[in-house]
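Asks: could you look at this predicted model? Sequence included:
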Amino acid sequence: MTMGVSRDKFWIAGGAIVAVLILVATFVLSYKPALDEASDLGDKQDLAEIQNAKLTGEIKQLRAIEARLPEIRKRIAELQVGIPVAANIDEFEAYLSELILENDAYLLEITGLEARVAVPTSTQTAAPSPAPAPTSTAAPEPGEVTTTAAPISDETEKPVAERVPSKVPAIEGFHVFDWTISVGGTYEQVSAILEALQTTSSRHFLVSGLEIQTLLADKAASNGLPDRPAGEVDYKISGSTYVLEGPQQPEEPEVEEPKMPSTKDDPFADVIGAK
């Protein structure tokens, strides 16, 4: 009897141990992967929330920029008047002619050279200011003309090879048009033209050189110009205008219209058409 009880206890204990092992195996094989997956999904959710917060901040910045777009477009339009996207040579020459006529001066010569690529440097040359009213002490020959150089800064006296440019990258599509403009008239007239080119002109014009010639005696009419009294001056102005080409828009691909299938060899075409 005692042996039977002992055996029952043994089997009961063994069964309990087996049940525990089965439960542990079931947890390891079933619930543990699910818990790991849930933990991984939690990490992904945290990462997604961080990315969403970052994107929300970027969207706010873009909306702020979008609100300023009208102001930005207006500013760009103002800048493109001074530095347009096209050369507009005829418009600039028309402006020069009008400016000279307004000041009752004479256009002696105008030369526009071909465009060249602009190379930005740190060397900036100040535009020469109008020279003081020229005076003469020497007895001139009839029709004699003297030349007075405009004052220039120490920087412009150095040869170009001695100037040290800074390492500024070139701007794609940025071009320079060099001009030589010769005008004649009284000192006040030609000085007003020079000042207008640098201050009131809607087109940016950088003056890089100036030569002044003074008439020391009366000059008879010639080359379409009237008689010119002594004391008038000629300004030979060297300068540049600029063009910044806009970005090229990509060409839209041509989309072919779909062709309807031919009914030439279709035996049911007549029947379908009759319906």
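Replies: Received the coordinates, thanks.

Asks: may I see the buried residues of stretch 85-96?
Replies: Neighbour-count burial for stretch 85-96, counted by 16 or more other C-beta atoms under 10 Å, picks out 87, 92, 95, 96. For the C-beta atoms, the positions are set from N, CA and C on the backbone; glycine is no exception.

Asks: residue 245 - how many residues pack around it?
Replies: Burial of residue 245 is recorded as 14 neighbouring residues (other C-beta atoms under 10 Å).

Asks: any idea how far it lies from residue 101?
Replies: 32 Å (C-beta to C-beta, to the nearest Å).

Asks: hey, which helix is longest across the chain?
Replies: The longest helix of the chain (DSSP state H) is helix 32-67.

Asks: circling back: hmm, which of the buried residues of stretch 85-96 is lowest in pLDDT?
Replies: Within the set of those, pLDDT is lowest for residue 87 (83).

Asks: how about that residue, secondary structure?
Replies: coil (DSSP: H, G, I helix; E, B strand; the rest coil).

Asks: got the phi/psi numbers for it?
Replies: In terms of degrees, to the nearest 10, the main-chain angles of residue 87 are phi -60, psi -40.

Asks: contacting residues for it?
Replies: 115, 175, 177, 243 (C-beta atoms under 8 Å, 6 or more residues apart in numbering).

Asks: before we move on, what about residue 184?
Replies: The contact partners of residue 184, by C-beta under 8 Å, 6+ apart, come to 105, 106, 108, 190, 225, 228, 232, 233, 234, 235.

Asks: so where does the last one fall, helix or strand?
Replies: Looking back up the chat, that one is residue 235. Secondary structure assignment for residue 235, by DSSP states H and E: strand 233-244.

Asks: run me through the strand neighbours of that strand, direction for each.
Replies: strand 174-185 (antiparallel), strand 206-215 (antiparallel) (DSSP bridges).

Asks: and stretch 76-84, average pLDDT?
Replies: 85.

Asks: show me what counts as buried in that stretch.
Replies: residue 84.

Asks: send me it as PDB with only the CA atoms.
Replies: Extracted in PDB, the C-alpha atoms of stretch 76-84 (Å, rounded to 0.1, in the frame of the first residue of the first chain):
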ATOM      1  CA  ILE A  76      13.600  89.700 -57.400                       C
ATOM      2  CA  ALA A  77      11.700  91.800 -60.000                       C
ATOM      3  CA  GLU A  78      13.300  95.000 -58.600                       C
ATOM      4  CA  LEU A  79      16.700  93.400 -58.800                       C
ATOM      5  CA  GLN A  80      16.100  92.200 -62.300                       C
ATOM      6  CA  VAL A  81      15.600  95.800 -63.500                       C
ATOM      7  CA  GLY A  82      19.200  96.600 -62.500                       C
ATOM      8  CA  ILE A  83      20.600  93.200 -63.600                       C
ATOM      9  CA  PRO A  84      18.200  91.800 -66.100                       C
END
